[in-house]
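# Okay, predicted coordinates and the sequence, questions at the end:
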Protein chains: 2
Amino acid sequence: MLTLSRLSDPAFSPHSLNKFASTMACGNGYIGIRACHEEDYTQQTRGMYLAGVYHRAGRDETNELVNLPDVIGISLQLDGEPFTLLAGEILSWQRELDFACGELDRRLVWRSTTGKRFQIDSRRFVSLDQLPLAALQFSVTPLDDAAHISLSTGIDATQTNSGRQHLDEASVQVFDQHYLQGVYDTQDRATEVVISASCRLNVASENCFTAKNRRLNCHHALVAHKGETVTLEKIVWVTHRSDKTLASADFAQNAMCELRRCAAQGYDALRAQTALAWQNIWQTCRVEVCSDDPQDQRALDYAVWQLTAMTPAHDDRCSIAAKGLTGEGYKGHVFWDTEIFLLPFHLFTHPQTARSLLRYRWLNLAGAREKARRNGWSGVLFPWESAATGQEETPEFAAINIRTGVRQKVASALAEHHIVADIAWAVVAYWHATHDREFMRHEGLTLLMETASFWISRATDVNGRLEIHDVIGPDEYTEHVNNNAFTNFMAWQNVHDALKFMQQFERSDNAFVQAAQDFLARLWLPSPDEQGVLPQDDTFMAKPAIDLSGYKAKAGKQTILLDYSRAEVNEMQILKQADVVMLNYLLPEKFDREQCAANLAFYEPRTIHDSSLSQAIHGIVAARCGDTAQAYQFWRAGAAIDLGEDPHSCDDGIHAAATGAIWSGVVQGFAGMQVIDGELHLAPKLPEHWQHLKFSLKWRQARLDIYVEGATVTIDSTAPVTLTLWGENLHLTGSDLPFVGTATTEDSSDA
Amino acid sequence: MLTLSRLSDPAFSPHSLNKFASTMACGNGYIGIRACHEEDYTQQTRGMYLAGVYHRAGRDETNELVNLPDVIGISLQLDGEPFTLLAGEILSWQRELDFACGELDRRLVWRSTTGKRFQIDSRRFVSLDQLPLAALQFSVTPLDDAAHISLSTGIDATQTNSGRQHLDEASVQVFDQHYLQGVYDTQDRATEVVISASCRLNVASENCFTAKNRRLNCHHALVAHKGETVTLEKIVWVTHRSDKTLASADFAQNAMCELRRCAAQGYDALRAQTALAWQNIWQTCRVEVCSDDPQDQRALDYAVWQLTAMTPAHDDRCSIAAKGLTGEGYKGHVFWDTEIFLLPFHLFTHPQTARSLLRYRWLNLAGAREKARRNGWSGVLFPWESAATGQEETPEFAAINIRTGVRQKVASALAEHHIVADIAWAVVAYWHATHDREFMRHEGLTLLMETASFWISRATDVNGRLEIHDVIGPDEYTEHVNNNAFTNFMAWQNVHDALKFMQQFERSDNAFVQAAQDFLARLWLPSPDEQGVLPQDDTFMAKPAIDLSGYKAKAGKQTILLDYSRAEVNEMQILKQADVVMLNYLLPEKFDREQCAANLAFYEPRTIHDSSLSQAIHGIVAARCGDTAQAYQFWRAGAAIDLGEDPHSCDDGIHAAATGAIWSGVVQGFAGMQVIDGELHLAPKLPEHWQHLKFSLKWRQARLDIYVEGATVTIDSTAPVTLTLWGENLHLTGSDLPFVGTATTEDSSDA
């Protein structure tokens, strides 16, 4: 068995309730449940979400991930007083998420305001082997004296997304005095959600039920003697459907059957099953480091945990939300984050999941075509924010100007068009890693050609040269510019790849080929200066720079907007994240090590890193440039976005992309994994205080087990594979003993 | 100036948050704001309601009084820690509602968990002279040391009715860095609500605004030195409309103009104005007692306060909700409570308001006609629960069977038809007290004839005798019976009154007259037994009785339903409230003192008083029977429904009808005021420990100021009036010195 780390909530604090509710959320890609305490706190936001269950509540709203009726809340009264950690005294405290089996566990001894001590423990998990299943146990032991205990729990449909209600309560029922069931419809009747729950106590109690104001509750009351442990076991089964294959009653009845089956097995048996499923994940996906700082291993385990918990691998009709299934930030929408930051992990561990994520885009082509057409372009313009249908879901307004109180429009949906090329990039990355001909011939080629068509129509002829005007690159602090380097290079690559794979798969379309060749010949690609610095766009280099150190110290908080309006920020060399560094990362064939270093040196001081997507990419590029020390700093800063000290950094959900970057930072950064011209490259160089690194990669037919210790790398492959290690070609037959190689001094030198 | 009592919340407790949020709610008949603390508590339900603003949120829901965006919540942080009374220590506490001016005031000294003391005071009111106006002040004084103070408040549209969201956020804006405005539409687009608020601090602070997730907030941060008082003044203007006379922008702009005008005047000036308006109320409506127990005066002041705060006297399109404007119980619906329990107070103090309440029914005749027609009857069948349109709003399901978990249908809308006669009764009561010919000719006569038509069609011919089958009387523990005495007598009176006033106002309708005369001649009226006991219905007397003392001790809690199903309760002599006693109260002409006493003696032991409507009526009938001691016990029990010790009796709003009964219990009970055959009767007999009683009555053209001291009564009239005092006719000219009379021994004897 692997020894996995645990994530812990070090102490109860009203300030950090929502941070840990996000980072310690239980999930399995199908369902996510925020790690809220069983008892209520005013600052605590409960949340349970089903991947792909979106709904639009009210005019001028957008579709959002529906916050479902709560099943976690338990109201505990001890001798008539409501239990809350705000009162009384916490004598001992432990709260952990165990990555090995996905169990969230809280143990505490609490002294009430009347002086009586109680042991109050709870644990819960969401099952990885039975996706609709969640289970919890909650136990109370009076330590000093007998006590009146009352416990109420059930299905609480008063939950909303910040006041927006998506669900109508179709029915609530109790079966056999133990099983509760609520049936809910989204208000547009498109989706039905059935929540079934069994509640059982291990001791005799007075029980009754109430159903009022959208709350279906089961109440237990008893007197427990000193030392007696009263345990409530609650098994929950959550299903949904958007089709009407079954009659509603049958669908609900099936759920009740599944619930009864699980409830009969009980918490511990169900937990053992999910632990086995997690064991499979860890065996294939774990990245193991031996570091002087145990935080490094914890960050990696956290990342793999979250990447598994957030990803709806079971259903290609949905993709990964920007906050996974851990909160309501960005309304559960899907961004370019999925293809650029999250897909690589899946691609190199479970390529089928990467395929599913790309099929999500393919299934949503109609919405993207419609958006392009509405704006007068050809091909597909993928929505900047996507939910269930592929239509543009970006809200019209974002924040208010905090000084003037004026609402600000969101420009991303209008101009952040690079997402089109990003998706094409991911299609090609998928091809290289899998050589999945069936996918490429069908979904892949369509995606490449449709995206390429968009760019061809998107370009503007300026005296014979093609330019791309009025876009926003990844750096959202610089809006509505012409010839954004990131966009132009990625668009060129997109069209180039479309042509290349058309040829490879013998797809003919003369008009398209001609237009594409013309586009490639005439598209303006900004050229680097003598040092290799690429101008971010046509006007960037002429703008003034200011000292950003104060803002960089508060990276992620967008404090620049307290001092400058967005319009003012736009007219200075102020980057939220660095476009050109990102471009260097994505297209390694196009930029040599010196150019990357020059761009890093030029742009980093101008970058606040107010986007969670920024630092990790800087880290990978720095690692590729040989500056492992700087790369490690960036990597740790990226990991700290969710795992750092800030008690509010992830109140409304974890930063999904940042967790992808924790994995990428190690595998693509310190292990130097790159795909160049379609071939696998490795060039490990570990941070000084890392003794070894171990991870696995899927590459086409092979699984590679890679072990790096100092300057020595050991690679074991399950199938024949060709790769480049520190610039040297290597062929592994897949049946030999593991290959062992050692870096030369040059390979491991600093830049 | 009158010395009015105050209602106080004796100590902070999480258990009683919602009780006092209801009883101490601020209101003016237009708007009601629950008396929640500025800081949040998980158990605390905030609420702000506008009379008549109903909406149906989702399928299978009913229209309900919309819980509006909150303006009361203030998040206070002291040295970075959120202020909550659950932590730290309360060193002094005072929380009062001052009936004189309607101001809710909280003063406390609090020691934080870090040991620093703070004085934290707040006060607020809803204006009685400018209905859309609410104002609040919140102040903090560090007592031991300088402190970082941050205050956030604004307009919080995450509020729901137990998770049901009624409003779309149409826009949020900030004007001139002080004025916030949110515009909201009900989701059916029928109603627009505009909430405007100004926030100002008395000292310099760092300010900023946020608008996210339906919360528009203004944030203030500063360091206050020791002893410095920081005061936030918030003025709020709340308007709504269902018409489109003005453009939406103009409507919102007008609101902003009113807000600016009020904000310029400031809290104290606005408070002085509302205090003047309340002074007028107290001068005309106060019932003053000199009692050994100060609770008696407090109950009376509470009643007049609530009766004023709950009643939408400004708009005859709405009536009084069963919980007034203090909570969401009964979804803000209007019941027979209005006509029977609440109208008398208004009728004898501000008859124009009684007229407005009756016009509400008249305006909603269409819905009542439709309900009658759909069920195959003529005339009007008023909805058991009514909201904005007069259609039936009773929810299909009420509670769940708490043992079996099966949902239970609500039968009231199907069979509790006496409401039709109750409304007719109120029309006649209005006539007697006002002789308002215009109303009677127009609205009144229509109401009488339409209601009478219903009864004529509702009766069943059984061998030549007319019976009324399958009804529920006021006693809801006895469902679906035949010839319910209350219903039959009231129906007979209804038809009788219709005929009488047709004649008086020379309205001719031969067919109707003939049918009505036939109905009166043939309707079966149950006859009393030798003692005078009237059988409640055809089967009641044959049912078994059980010992109810245990349930009576927990009156109002419906504990009988823990032991028996509703079906079982139906088959026993178990009354929620006594129909026949109520009938005795409503039709004093029909029953002599001995009969009333006999019914009281028979039915009271069989009555649990699980309805808040029960005890007060028993009290009045007991008083009329001469048993002042028993009457006083009932009266106090009725007053205790909201004002007693039970911390949860009115969590979801006060018992409006019970407050009406506090007034009626004194005026119609201890002062013996009755209208018999259209004439005013008085027969004061005070409880032993009351030294005097003073109140005023409007009677037609006159205002009567009545003062009772022991056996002596003094009556001053502003106009000529004829009345009966202790059985003796009396004519006051209105210009004489006050009349002084003294009771004979017989008048004041016990029954």
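Yes, it's here. Since this is a predicted model, take the numbers as computed values, not measurements.

# all contacts plus neighbour counts: C-alpha atoms, from now on.
Noted.

# Quick check, the residue in the stretch 451-600 of chain A closest to chain B?
With Cα to the nearest Cα, the shortest gap between the stretch 451-600 of chain A and chain B falls at A:Leu562, namely 9.1 Å.

# My reading is that that residue lies in a helix. Confirm?
Yes: looking at A:Leu562 with DSSP: H, G, I helix; E, B strand; the rest coil, it is inside a helix.

# count of residues packed around it?
The tally of other residues near A:Leu562 (other Cα atoms under 10 Å in any protein chain shown) stands at 12.

# Tell me the pLDDT of it.
pLDDT, A:Leu562: 82.

# again with the one 10 residues further on
As predicted, A:Met572 sits at a pLDDT of 95.

# Also A:Ala485?
97.

# That one and A:Pro720, how far apart?
38 Å (Cα to Cα, to the nearest Å).

# Tell me which of those two has more neighbours.
Under the neighbour definition other Cα under 10 Å, A:Ala485 and A:Pro720 were set side by side, and A:Ala485 has more, 23 against 15.

# Excluding chain neighbours, what is closest to that one?
Closest residue to A:Ala485 apart from its sequence neighbours, by Cα to Cα, 6 or more residues apart in numbering or on different chains: A:Gln536 at 5.2 Å.

# Can you check the pLDDT for that neighbour?
Model confidence at A:Gln536 (pLDDT) stands at 97.

# pretty sure it contacts A:Asn484?
Yes: between A:Gln536 and A:Asn484 there is a contact under Cα atoms under 8 Å: 5.7 Å.

# These two - which one has more neighbours?
Under the neighbour definition other Cα under 10 Å, A:Gln536 and A:Asn484 were set side by side, and A:Asn484 has more, 32 against 27.

# So the nearest residue to that one once chain neighbours are set aside, which state does it fall into?
Nearest non-adjacent residue to A:Asn484, counting by Cα to Cα, 6+ apart: A:Asp537, 4.2 Å away. Put simply, A:Asp537 is coil when judged by three-state DSSP.

# what's the distance between the residue positioned nearest the centre of chain A and chain B?
Centroid-nearest residue in chain A: A:Ala656, 2.5 Å away (criterion: Cα atoms, centre = their mean). A:Ala656 sits at a distance of 21 Å from chain B (criterion: Cα to the nearest Cα, to the nearest Å).

# what sits against that residue?
A:Gln306, A:Leu307, A:Met310, A:Ala321, A:Ala322, A:Lys323, A:Gly324, A:Asp337, A:Leu342 (Cα atoms under 8 Å, 6 or more residues apart in numbering or on different chains).

# from memory A:Asp315 sits against A:Ser356, does it?
Yes: when contacts are counted by Cα under 8 Å, A:Asp315 is listed as touching A:Ser356 (7.3 Å).

# helices or strands next to the helix or strand of chain A with the lowest mean pLDDT in the packing?
Using mean pLDDT, DSSP states H and E, strand A:397-400 stands out as the lowest-scoring helix or strand of chain A, at a mean of 75. The helices and strands touching strand A:397-400, judged by 3 or more Cα pairs under 8 Å, 6 or more residues apart in numbering or on different chains; DSSP states H and E, are strand A:407-409, strand B:206-212.

# buried stuff in that strand?
A:Ala399, A:Ile400 (16 or more other Cα atoms under 10 Å in any protein chain shown).

# distance between it and the chain's centre?
Per Cα atoms, centre = their mean, to the nearest Å, the displacement of strand A:397-400 from the mean C-alpha position of its chain is 23 Å.

# ditto for stretch A:187-202
The answer for stretch A:187-202 is 26 Å, by Cα atoms, centre = their mean.

# close to chain B, is that stretch?
Yes: under the criterion of Cα under 8 Å from any Cα of the partner chain, chain B is reached by stretch A:187-202 at A:Gln187.

# Just the mean pLDDT for that stretch, thanks.
Rounded mean pLDDT across stretch A:187-202 is 97.

# neighbouring contacts of it?
Residues contacting stretch A:187-202 (Cα under 8 Å, 6+ apart): A:53, A:55, A:57, A:154-155, A:166-168, A:178-186, A:218, A:230-243, A:252, A:255-256, A:259-260, A:263, B:58-59.

# do that again at 6 Å, thanks
A:166-168, A:178-185, A:231-242 (Cα atoms under 6 Å, 6 or more residues apart in numbering or on different chains).

# Contacts only, for A:Asp168.
Applying Cα under 6 Å, 6+ apart to A:Asp168 gives the contacts A:Tyr184, A:Asp185, A:Gln187, B:Gly58.

# Where do the strands of the stretch 1-150 of chain A begin and end?
With DSSP state E, counting those that start in this stretch, the ranges of strands along the stretch 1-150 of chain A come out as A:6-8, A:26-27, A:31-33, A:48-50, A:54-56, A:63-65, A:74-78, A:81-82, A:89-98, A:103-111, A:117-126, A:133-142, A:147-156.

# Indicate which one of these is closest to chain B.
Short answer: strand A:81-82, nearest of these by Cα to the nearest Cα, at 8.2 Å.

# Kindly report the residues of chain A close to chain B.
A:41-42, A:58, A:86-87, A:158-159, A:162-163, A:165, A:168, A:174, A:208-211, A:213, A:399-400, A:402-403, A:405 (Cα under 6 Å from any Cα of the partner chain).
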